[in-house]
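*Asks:* mind looking at a prediction? Sequence and model below.
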Amino acid sequence: MSQNPDLIVAAPLWPHGDSSLMHLMRRAGQHSTTCWAQCIDTGLSAVQYAILVVLAEETCCDQQTLGNRAGFDKATGTYVIDRMTKSGLVNVVVDPDNRRRKLVSMTEDGEDMLERMVEQAKSAEKTIASGLNEQDIRDLKRLLSKLGGLQEP
């Protein structure tokens, strides 16, 4: 094993030691993606689903607000919203009061897609939490919220 403590902290996995936080987060992300793919048959990503959920609550909102609520950055949002527009799930129009803003709303096809995905998303949530008890789930949500700079659930 290396004598360099910086290498040890950043190591993905030592045979008889602890894993780094970054490695564990990456592996958890991979597991999350796998669970989503196993449960969702629509081809939509978790970000696209989050956008539909926000638009179901907001009806219409600007891209910045949508990004803040759904948890994505501007570059990701532009790409994903363009894809969703081409798929007919959302409409994008220029805000008549501020031409620099774009307003996003869900189409009827988007509403149908959201309705179809709700049970699948619940199944993905249940799959990823399998093996965890209720306290583990509460602790995990609290810690992930803290790491993500979000309010605690």
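*Replies:* Perfect, thanks for sending it.
*Asks:* so residue 54 sits against residue 67, correct?
*Replies:* No. Applying C-beta atoms under 8 Å as the test, residue 54 and residue 67 come out as separate, 9.4 Å apart. Every residue, glycine included, has its C-beta placed from N, CA and C.
*Asks:* just the helices in this structure please.
*Replies:* Using DSSP state H, the helices found in the chain span residues 5-10, 21-39, 46-58, 63-70, 74-86, 108-128, 134-147.
*Asks:* nearest to residue 101, of these?
*Replies:* Among those, helix 63-70 comes nearest to residue 101, with 7.5 Å by C-beta to C-beta.
*Asks:* what helices and strands are in contact with that closest one?
*Replies:* helix 46-58, helix 74-86, strand 98-106 (3 or more C-beta pairs under 8 Å, 6 or more residues apart in numbering; DSSP states H and E).
*Asks:* can you tell which of the ones you listed is closest to residue 113?
*Replies:* For residue 113, the closest of the helices and strands packed on helix 63-70 is helix 46-58, at 6.5 Å, according to C-beta to C-beta.
*Asks:* mind giving me the domain ranges of this protein?
*Replies:* Per the record, the chain has its domains at 1-39, 42-118, by automatic domain parsing.
*Asks:* before we move on, the earlier item: what would the helices of the chain look like in TSV with mean neighbour count, distance to residue 95 and mean pLDDT?
*Replies:* Converted to TSV, those look like this (neighbours: other C-beta atoms under 10 Å; distance: least, C-beta to C-beta, whole Å; pLDDT from 0 to 100):
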stretch	mean neighbour count	distance to residue 95	mean pLDDT
helix 5-10	11	45	54
helix 21-39	14	32	89
helix 46-58	19	14	95
helix 63-70	18	10	92
helix 74-86	15	14	93
helix 108-128	15	19	97
helix 134-147	12	31	93
